[in-house]
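In: Could you work out the structure for the sequence below:
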Amino acid sequence: MSKSLIIAIDGPAGSGKSTIAKFLAEKLKLLYIDTGAMYRAVTLNVLNNRIDPSNAEQVSEIAANSRIGLKRNNNGLIVMLNDKDVTEQIRSKEVNAAVSDIAKIKEVRKIMVKQQQMLGKGGGVILEGRDIGTVVFPDADFKFFLDAAPGERARRRYDEIKGKYAVTLTEIERNVSRRDNIDSNREAGPLKQAADAVYIDTTDLTIEEVVERILKIIR
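Out: This is a model prediction of the structure:
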């Protein structure tokens, strides 16, 4: 297996991108880059600085001055913002509600895409997000687009955060639907399947089944 591989995994919220990418990175001994976490870190920085998420100029300035780092440890991915561990904070309800509005800002995406390309330019990486195969690395060696039924995606999100925050499944369903709409219709880097990406519906598949299907294609 070439250590210069670039593998792109795209898909909507709750499709299983992060989980699958982590398992693949471990099996293939490649670096895992969660681009969604980078947008979440910017969003957290915006909220912490009490900036209006709709103020594109100020949000872009925050993005340009956000020092974001991704590190691995035995418990998974650690997300650093300005030298502070914000792994838990970026999954808050407030960040969930604002991240798509911030991620659709054209200048923010330009800043983040540049950082993502720098992180992955040497290869040996698995990147997951919404525009990896179309914008960040359109020449990736392998591209996959994961999807699942909206109800199943909402259920997965609910199971992930229900023990951490007071939230209902109905709230999550609304949030997932809203994010789908924003992500798919934004001008810069919209969520869409690359023409040469392999589509996988994960609705009725286990994590292991999805991982094995992807590994079979790569190998």
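In: buried residues in the helix or strand of the chain with the lowest mean pLDDT?
Out: Within the chain, confidence by mean pLDDT, DSSP states H and E is lowest for strand 68-73 among all helices and strands, at a mean of 84. Within strand 68-73, the residues scored as buried using 16 or more other C-beta atoms under 10 Å are 68, 70. In short, each C-beta sits where N, CA and C put it, glycine included.
In: swap in stretch 130-143?
Out: 130-137, 140, 142-143.
In: pull the longest helix from this structure.
Out: Criterion DSSP state H: the longest helix present in the chain is helix 169-185.
In: Check which helices and strands the least confident helix or strand of the chain sits against.
Out: Applying 3 or more C-beta pairs under 8 Å, 6 or more residues apart in numbering; DSSP states H and E, we find strand 68-73 packed against strand 31-34, helix 35-48, strand 76-81.
In: In CSV: the buried residues of stretch 130-143, plus distance to Leu77, secondary structure and pLDDT.
Out: Formatted as CSV, the buried residues of stretch 130-143 follow (distance: C-beta to C-beta, whole Å; DSSP: H, G, I helix; E, B strand; the rest coil; pLDDT from 0 to 100):
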residue, distance to Leu77, secondary structure, pLDDT
Arg130, 18, coil, 92
Asp131, 20, coil, 93
Ile132, 16, helix, 95
Gly133, 21, helix, 96
Thr134, 23, helix, 96
Val135, 22, helix, 94
Val136, 18, helix, 95
Phe137, 19, coil, 96
Ala140, 20, coil, 96
Phe142, 21, strand, 97
Lys143, 21, strand, 98
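In: closest to Gly189 among those?
Out: Taking C-beta to C-beta as the measure, Gly189 lies nearest Asp131 of the buried residues of stretch 130-143, at 3.7 Å.
In: does the closest one really touch Pro190, like I thought?
Out: Yes. Between Asp131 and Pro190 there is a contact under C-beta atoms under 8 Å: 7.1 Å.
In: if we can go back for a sec, need the winner for burial among the helices and strands packed on strand 68-73.
Out: With neighbours taken as mean count of other C-beta atoms under 10 Å, these reach their highest mean count in helix 35-48, at a mean of 23.
In: Contacts for whichever helix or strand comes after it, please.
Out: The helix or strand immediately downstream of helix 35-48 is helix 56-64, counting by DSSP states H and E. Here helix 56-64 makes contact (C-beta atoms under 8 Å, 6 or more residues apart in numbering) with 42, 45-46, 49, 51-53, 102, 105-108, 111-112.
In: Can you classify the closest residue to Gly11 other than its chain neighbours as helix, strand or coil?
Out: Leaving aside its sequence neighbours, Gly11 sits nearest to Leu146 (C-beta to C-beta, 6 or more residues apart in numbering; 3.8 Å). Three-state assignment for Leu146 (DSSP: H, G, I helix; E, B strand; the rest coil): strand.
In: Might one say that Leu146 is in contact with Val211?
Out: No. Counting by C-beta under 8 Å, Leu146 stays clear of Val211, with 11.2 Å between them.
In: shared neighbours of the two, anything?
Out: With C-beta under 8 Å, 6+ apart as the test, Leu146 and Val211 both reach Ile20.
In: Look at those two and report which has more neighbours.
Out: Comparing Leu146 with Val211 by other C-beta atoms under 10 Å, the one with more neighbours is Leu146, at 26 against 20.
In: if I pick the more buried one, what's in contact with it?
Out: Neighbouring residues of Leu146 by C-beta under 8 Å, 6+ apart: 9-11, 15-17, 20, 200, 202, 210.
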